[in-house]
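Novice: any chance you can model this:
(chains A, B and C)
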Amino acid sequence: MRYSHASKAVVLSAALALTLSACGGGSTDSAGGEGDGSYVVTANTTEPQNGLLPANTNEVGGGRVMDLLFTGLVSYDAKGAPVNELAESIETTDSQNYTIKIKSGETFSDGSPVTAASFVDAWNFGAAAKNAQLNSYFFESIKGFDKVNAEKSTEDKMEGLKVVDDTTFTVELSQPESDFPLRLGYTAFMPLPEAAFEDPKAFGEKPVGNGPYKLTEWNHDVNLKMDVNENYDGPRKAANGGIDFKVYQSTDSAYQDLVSGNLDVLDQIPPSQLASYQSDLGDRSVNSPYAGNATITIPGYLDHFKQDEEGNLRRAAISRAIDRQLIIDKVYQGGKVIAKDFTAPVIEGYDDSLPGSEVLAFDADEAKKLWAEADKISEWDSGDEFSIGYNVDGAGNKEYVEAVVNQLKNNLGINATAKSFSSFKELRAKVTSYTMTGGFRTGWQADYPSLYNFLGPLFGTGAGSNDGKYSSKEFDDALAKGLAATDAAEGAKIFNQAQEILFKDLPAIPLWYQAVQGGWSENVSNVEFGWNGVPIYNEITGK
Amino acid sequence: MLSFMLKRIAQLIPVFIGATLLVYFLVFATPGNPIDALSGGKPMSDATRSALEAQYNLDKPFWVQYGLYLKNLVTFDLGTSFSGQEVSALLGRAFPVTARLAILALLIEGVFGVIFGVIAGMRKGKWFDSTILVASLIVIAVPTFVLGFVLQFVIGVKLEWVKPTVSGAATWGELFLPALVLGLVSLAYVVRLTRTSVIENKSADFVRTATAKGLSRNRVVSVHILRNSLIPVVTFLGADLGSLMGGAIVTEGIFNVPGVGHLLYQAIQKGETPTVVAIVGVLVIIFVVANLIVDMLYALLDPRIRYA
Amino acid sequence: MPENQNFNPEDGLPISKVRAGKVSKYKIEHFVAPLDETPLQAVDSVKETGKPLSMWAEAWRSLRKQPLFIISAVLILAVIVVAAFPQLFSSQDPTYCALENSNEPGRAGHIMGFNLQGCDIYARVIYGTRASLLVGIFTTLIVVVVGGALGALAGFYGGWIDAILARLGDIFFALPLILGAIIVMQLPAFRDNRSVWTVIVTLAIFGWPQLARITRGAVIEARDADYVKASRALGLSRFHSLVKHVIPNSLAPIIVVATVNLGVYIVAEATLSFLGVGLPPDVMSWGNDISLAQQQLRSNPMMLMWPALFLSVTVLSFIMLGDAVRDALDPKARKGA
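Specialist: Below you'll find the predicted structure:
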């Protein structure tokens, strides 16, 4: 056996499957700018992990393609605000029953019409357990989901979805949820032509959509070629002649291609180049925050960290012992934004000065004090180890977790260690079976731009991604109240009040908000990144 | 000779079954559930999870899984990846690319390794020998990812002699630089092996005889010394071919070569058993065949070696 | 000096048929061609049955006079001292890392500067010596003993022994280190006691087939040599002729591969750490530091340079030692020197 000098050059995006959806650009007038509208833009991507079906695409590689390939009821503008695409109107009086009218005369790129049934059938397909779609949980709010998504269920029609006529359908949820319309721009909610249901697997290889682009070629592990869809007439009309997505195994190699002019758009500067990309690229680069965050979860089932006074004191001490800004400056060269809450700043309703958020501010003395107070309740044995787990197959995890651990060592004087796991799936297996022996790295990428998306799935009692087994009646009630609010601003206010509870209990310790560092070549202009960190591909023009 | 070859080829069957069984078990035993990698940490209902497990046979006991795999194998069905592609199609795309890469690397190692080794050996202790020693040390101590990165940056980005990454076609020309990087560590082995053999043989009696007979120095070196020095080199190269094919993960990553190493690494991290098993199965066959060729070469290089 | 050439009975035979070079290598050749030696030595050899002893003894006598050997031995000794008593060479605490110092250049008390996490590079290199040296030496030793023994048996006896051992090697060769290492490290005995030794065993498990293959090739080359046939004709058992004649004549490629392996294993340890199954986090090593340096290659190349330099010097000294030992074992080279 010859050992390869394996390295972090091998960066896996697979294990860090992020749920992202490319966003819609607001301004159509940019298409008429001075740029070359026939230029075919080359951009980096990763190989889509699954066949290209809306309800089965849950990671960036497939997500960015799907969002150019399909268009749903709404899309999101650069700020994350929903813009109507196919929706004529989405109406509700009680946040539980929605009547959706779609534009008439719209077609898929193969000429078949987009009707109300295209949506209802696609959603039913996505929700049914027998189809084993990865995004099925997105439909869980719809009435009847529990029947089609039960073990061994053969049903695939949710009672909450009803086609009224060709351009109208109704949705009944099992409880009021005011942010439901916000979700409708996510990939999972895209319509599908009838042909898709005959042979979903074949369709996934050669998808036919209704978005600004159509897929003409997919050479696996090499590239995906997208042509402009002339039938598309929405807010995201293409300002270029097509997109050629090149599949890269690592952003390091993509970066070298970018610098040497063989790639037009790179959506992520590799960690090894963070210190030098600005001098390499000059004004052809951007550092912009997007709707994601990084946190450390210290589960409430650990000794000394129970959901009680001692646990809360210790978690607060750890939070205050971390000098987040220093890590951002040294490890990320400024490529993150210090966290002030549990959500992200690009989300509507975000507030950077919520009462209680001072627990996220670095203060070594206060940290020691809090730790000592906790010691009075129950002594922390100096031999005890406090570990933070991370998976080694995600780029940069080791660096920041070690930096945090060193600060805990130096600022709290405890025996802190970074504990490595060989893969994301190994770490998640321990996390989801609640058998971790220490804290661990967590993070969240918004599926759709909403405060609730950062709170409900993560900290609601029994929620799917509640890794720390956090449970608070008070918090659950606040969430329910926020969801039932009929006004989005009112809902945001209640969600922010719910966050004040989290600041006391710290079920996760927010570190920073994600920001994307991207770059582009001299061949293109008008490169902008959306609310979710994905370039707004349709607006890019040639020079 | 023929019966020897047939016997060796017959050995492939137990070796193949043994290797696939072992690898199947190893992937089965890796910690974590592949479904967690698929879901990416996002929530998933129990019903969806069990539907997925059933789809990939993950809900069955190990022996049933392996049995099903073997059953499909008989009909040349290698299974499907999580992305819904035929594993045979994945291999069909990746193996030719990696084969070109590995063969190029092997040629570079073999040709340059032997030439440098002979010169270093013939001029033991002189400046060329010392330079080669220092170069070997650098190659050993500086990992591939650093050397690859530096070469890519200098030759691809600064000098622009070649494109920094390999295109989907992965032509021989594009693969030269990656192959050089891939073969460097092995090159150090080949140089030192050749050098040592040459030193050992250059004072041998048959060399003196050949020289005494008035043969030219070139002929003595190339025929008499070299031929007698090649057995360890050939052994090493034969064993290295398979490692080059399976172990090119880092090099393939640096130069974005769509080959086997990347496929294998991803499949292992995802827990995608059919892909891992198929790759290892092919690698085992390559190892067995490469060793058979090496053994044939022994007989060619040293006629005293005979096979029944 | 080259008297044996003139008296060699095989002189003049077609070279392709005779590996005369091997014949004249060790004392035992004198059974075949006793004419070329001084009578005293020839008589000595006949009286003793443990000839290889005198070969080793002679090798040692020549070895200790070689400058190459003396230099390498001193260097290796120095590295061992650093590994055993790192605190003598650095007053800094290698585990104290303050991010404020991240990537700072060298200054008084911290001559090599700091790494990304703000740890003292020099202290880490010094304290990393122990783990790296242990991994390098012991992995190499295990691989040489296990791989060498299995390879020698396979090559010498051939037949079904060869078939089983070589095919077993093929299977191990084809197993990806990544997969194997992750699994091995999950075994309870390994998982709960992660240390230098678990790394050594893991590397050795996946390293032995390479050396087995090299040894097998060398043994196949040597087993049909005339001096081996002669020793058998003189009544030595097969096993004895393997141990006493074939293996000593097959050592050169083994030494070469083993000395290069030493360095490769030290770096390979980083591969395991990269996979999350390497040394425990509080144990420092060169391999780990070299692998960490990758991200900082453009901003702080010193992070790579220092551990790589120490590693190079260590490997260099072992390569020189290997060369010296090989020369000492080869009587012709000795006479020629």
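Novice: need the pLDDT of the residue nearest in space to the middle of chain A.
Specialist: Nearest to the geometric centre of chain A sits A:Gln445, at 2.6 Å (Cα atoms, centre = their mean). Note on A:Gln445: pLDDT of 87.
Novice: count of residues packed around the residue nearest to it when sequence neighbours are not counted?
Specialist: Leaving aside its chain neighbours, A:Gln445 sits nearest to A:Gly292 (4.2 Å; criterion: Cβ to Cβ, 6 or more residues apart in numbering or on different chains). C-beta coordinates here come from the backbone N, C-alpha and C atoms, glycine included. For A:Gly292, the count of nearby residues is 22 (other Cβ atoms under 10 Å in any protein chain shown).
Novice: the host helix or strand of A:Gly292 packs against which elements?
Specialist: Per DSSP states H and E: A:Gly292 is located in strand A:285-297. With contacts defined as 3 or more Cβ pairs under 8 Å, 6 or more residues apart in numbering or on different chains; DSSP states H and E, strand A:285-297 has these neighbours: strand A:439-445, strand A:509-520.
Novice: any part of the helix or strand that the first one is followed by near chain B?
Specialist: Scanning forward in sequence from strand A:439-445 by DSSP H and E, the next helix or strand is helix A:451-459. Yes. Shown here: helix A:451-459 in contact with chain B (Cβ under 8 Å from any Cβ of the partner chain) through A:Pro457.
Novice: buried sites along helix A:451-459?
Specialist: By neighbour count on 16 or more other Cβ atoms under 10 Å in any protein chain shown, the buried set for helix A:451-459 is A:451-459.
Novice: quick check: mean pLDDT of it?
Specialist: Taken as a whole, helix A:451-459 carries a mean pLDDT of 93.
Novice: that helix: what's the following helix or strand?
Specialist: Next helix or strand after helix A:451-459 toward the C-terminus (DSSP H and E): helix A:473-484.
Novice: low-confidence stretches in chain B?
Specialist: B:247, B:307-308 (pLDDT under 70).
Novice: tell me if stretch A:424-438 is near chain B.
Specialist: Yes. Applying Cβ under 8 Å from any Cβ, one finds stretch A:424-438 in contact with chain B at A:424-429, A:432.
Novice: give me the contacts around that stretch.
Specialist: Defining contact as Cβ atoms under 8 Å, 6 or more residues apart in numbering or on different chains, one finds that stretch A:424-438 is touched by A:12, A:15-16, A:298-299, A:301-302, A:385-391, A:393-394, A:419, A:421, A:440, A:467, A:469, B:30-34, B:36-37, B:41, B:269-271.
Novice: was I right about B:Arg306 contacting B:Leu300?
Specialist: No. Taking contacts as Cβ atoms under 8 Å, B:Arg306 lies outside contact range of B:Leu300: 11.6 Å.
Novice: close to chain C: what parts of the stretch 51-200 of chain A are there?
Specialist: By Cβ under 8 Å from any Cβ, no part of the stretch 51-200 of chain A sits against chain C.
Novice: check what pLDDT the residue nearest to A:Gln514 when sequence neighbours are not counted gets.
Specialist: If the residues on either side of it in the chain are set aside, A:Gln514 comes closest to A:Gly292, at 3.7 Å by Cβ to Cβ, 6+ apart. Each residue has a pLDDT score; the one for A:Gly292 is 93.
Novice: what does A:Arg320 give?
Specialist: Looking at A:Arg320, its pLDDT stands at 96.
Novice: and what of the one 3 residues further on?
Specialist: Confidence per residue is given as pLDDT, and for A:Asp323 that number is 96.
Novice: which ones are touching residue 228?
Specialist: All of this refers to chain A. With Cβ under 8 Å, 6+ apart, A:Val228 has these contacts: A:212-214, A:238, A:240-242.
Novice: please refer instead to chain C.
Specialist: C:Val228 touches C:222, C:241, C:245-246, counting by Cβ under 8 Å, 6+ apart.
Novice: filter those down to just the ones in helices.
Specialist: The helices, defined by DSSP state H, take in C:222, C:241 from those.
Novice: most neighbours among the contacts of C:Val228, please name it.
Specialist: Counting by other Cβ under 10 Å, top hit in the contacts of C:Val228: C:His245 with 28 neighbours.
Novice: please verify my assumption that that residue contacts C:Ser231.
Specialist: Yes. Contact criterion Cβ under 8 Å: C:His245 and C:Ser231 qualify, at 5.3 Å.
Novice: near chain C, anything from stretch B:271-279?
Specialist: Yes. Using Cβ under 8 Å from any Cβ, stretch B:271-279 comes into contact with chain C via B:Val276.
Novice: chain center to the helix or strand bottoming out on mean pLDDT in chain A, what's the gap?
Specialist: Between all helices and strands in chain A, the lowest mean by mean pLDDT, DSSP states H and E belongs to helix A:424-432, at a mean of 87. Chain-centre distance of helix A:424-432: 19 Å, with Cα atoms, centre = their mean, to the nearest Å.
Novice: let me see the contact set for residue 35.
Specialist: All of this refers to chain A. By Cβ under 8 Å, 6+ apart, the contact list for A:Gly35 reads A:239-240, A:525-526, A:541-543.
Novice: the chain in question should be chain B.
Specialist: By Cβ under 8 Å, 6+ apart, the neighbours of B:Ile35 are B:44, B:49, B:52-53, B:58.
Novice: again, only using 6 Å
Specialist: By Cβ atoms under 6 Å, 6 or more residues apart in numbering or on different chains, B:Ile35 lies in contact with B:49, B:52.
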